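Undergrad: Using only what follows, build the 3D model:
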Amino acid sequence: MTSKQRLPIKLNMADRQHLEDIVEAKIRPHQIVVRTQVLLDLDESDGRIPLSTKDIVSKTKLAAESISRIKKRFTERGIDGVIPQNDSRNKKYFDDVEAKAIEIYHSPPPKDKNRWSYRSVAIKLVNDGIVKSISEHTVKQLLLKVLLNGRGQIPTYRISLDKLTRSKIRRLIKSSSEPARIKKLAQALLDLDESNARKPMTHQWIANNRGISNSTIIRLKKRFVEGGLDLALNLPTSPFWELTTIKHPSG
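TA: The predicted model follows:
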């Protein structure tokens, strides 16, 4: 009787670093982090001795059959077969964590502090139940991703609408031909407007009253500041305005 052929897992340096980053960050869904840890535990590259299936079952609480499926998927399709890179649910999870980290960074700092540190943002994310755990290093990477000025400062996106732009947005909201989603984004721009000493609504208020997530609000502000109304609403063929880009300073 021949024994079943063993399927070895051998990761190259870049793949192993990528998987270690996922495990360290712990901001992907729990099942993704567990699968990632299984691949690391099974890795035989550079003379590593893999854990036994029994040890991995004890460590991860996965069934032996699940571990066998992970091995098979990796052998057949590589990392993408085990850790989906284009899963929209995972992307939304990342976006939400990133948006919340940025929102915290821009909020008033803790008592007796001049600003938020990466560590204090990480603690706040955990205490608020956004993530189960997250490292200071991961928070730093999330925040540095949105750097624009290269000086270690997170940009503040401020919306300042001129009279013409406000008029165009109001006409769009009243239109019967535009999708409800676009009207929500347009209304959010009015809510965020700080021109003529207006006091903008908070992200939380907009999220609750307009049905728009924090991450969407941040993307909306960023796109408007960088590319104007047509980019922010993604309506280059809209009949309500010319296609001239309207740029505003971030303040």
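Undergrad: now the helices: where do they sit in the chain?
TA: Remark: helices assigned in the chain by DSSP state H are 13-25, 30-42, 53-60, 64-77, 88-106, 118-127, 136-144, 163-174, 180-192, 203-210, 214-233.
Undergrad: Let's have these in a markdown table, adding mean pLDDT, mean neighbour count and distance to Tyr157.
TA: Where you see a C-beta, it was placed from the backbone N, CA and C, and this is true even at glycine. Converted to a markdown table, those look like this (pLDDT from 0 to 100; neighbours: other Cβ atoms under 10 Å; distance: least, Cβ to Cβ, whole Å):
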| stretch | mean pLDDT | mean neighbour count | distance to Tyr157 |
| --- | --- | --- | --- |
| helix 13-25 | 77 | 15 | 25 |
| helix 30-42 | 90 | 19 | 30 |
| helix 53-60 | 93 | 15 | 41 |
| helix 64-77 | 90 | 15 | 39 |
| helix 88-106 | 72 | 18 | 9 |
| helix 118-127 | 87 | 17 | 18 |
| helix 136-144 | 75 | 18 | 14 |
| helix 163-174 | 92 | 16 | 16 |
| helix 180-192 | 92 | 19 | 9 |
| helix 203-210 | 86 | 16 | 11 |
| helix 214-233 | 82 | 20 | 4 |
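Undergrad: Now render the ones you listed as TSV, adding distance to Asp112.
TA: What follows is the helices of the chain, written out as TSV (distance: least, Cβ to Cβ, whole Å):
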stretch	distance to Asp112
helix 13-25	29
helix 30-42	35
helix 53-60	41
helix 64-77	47
helix 88-106	17
helix 118-127	11
helix 136-144	19
helix 163-174	41
helix 180-192	31
helix 203-210	25
helix 214-233	27
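Undergrad: residues in contact with Leu185?
TA: 212, 216, 220, 232-233 (Cβ atoms under 8 Å, 6 or more residues apart in numbering).
Undergrad: Mind doing that once more with 7 Å?
TA: Applying Cβ atoms under 7 Å, 6 or more residues apart in numbering, we find Leu185 in contact with 220, 233.
Undergrad: so how far is Leu229 from it?
TA: 10 Å (Cβ to Cβ, to the nearest Å).
Undergrad: now swap in Gln37 and tell me
TA: Using Cβ to Cβ, Gln37 is found at 46 Å from Leu229.
Undergrad: correct me, but Ile9 touches Phe74?
TA: Yes: proximity of Ile9 to Phe74 meets the contact threshold set by Cβ atoms under 7 Å, at 5.9 Å.
Undergrad: which residues are in contact with both of those two?
TA: In contact with both Ile9 and Phe74: Leu39, using Cβ under 7 Å, 6+ apart.
Undergrad: Now for the nearest residue to Leu39 once chain neighbours are set aside: which residues touch it?
TA: Nearest residue to Leu39 in three dimensions, chain neighbours excluded: Leu19, at 5.8 Å (Cβ to Cβ, 6 or more residues apart in numbering). Counting by Cβ under 7 Å, 6+ apart, Leu19 touches 36, 39-40.
Undergrad: Apply 8 Å and report the result again.
TA: Per Cβ under 8 Å, 6+ apart, neighbours of Leu19: 11, 36, 39-40, 79, 83.
Undergrad: isn't Asp162 right next to Asn196, touching?
TA: No: with contact defined as Cβ atoms under 8 Å, Asp162 does not reach Asn196; the gap is 9.9 Å.
Undergrad: Have a look at the two and say which one is more surrounded.
TA: Asp162 (13 against 10; other Cβ atoms under 10 Å).
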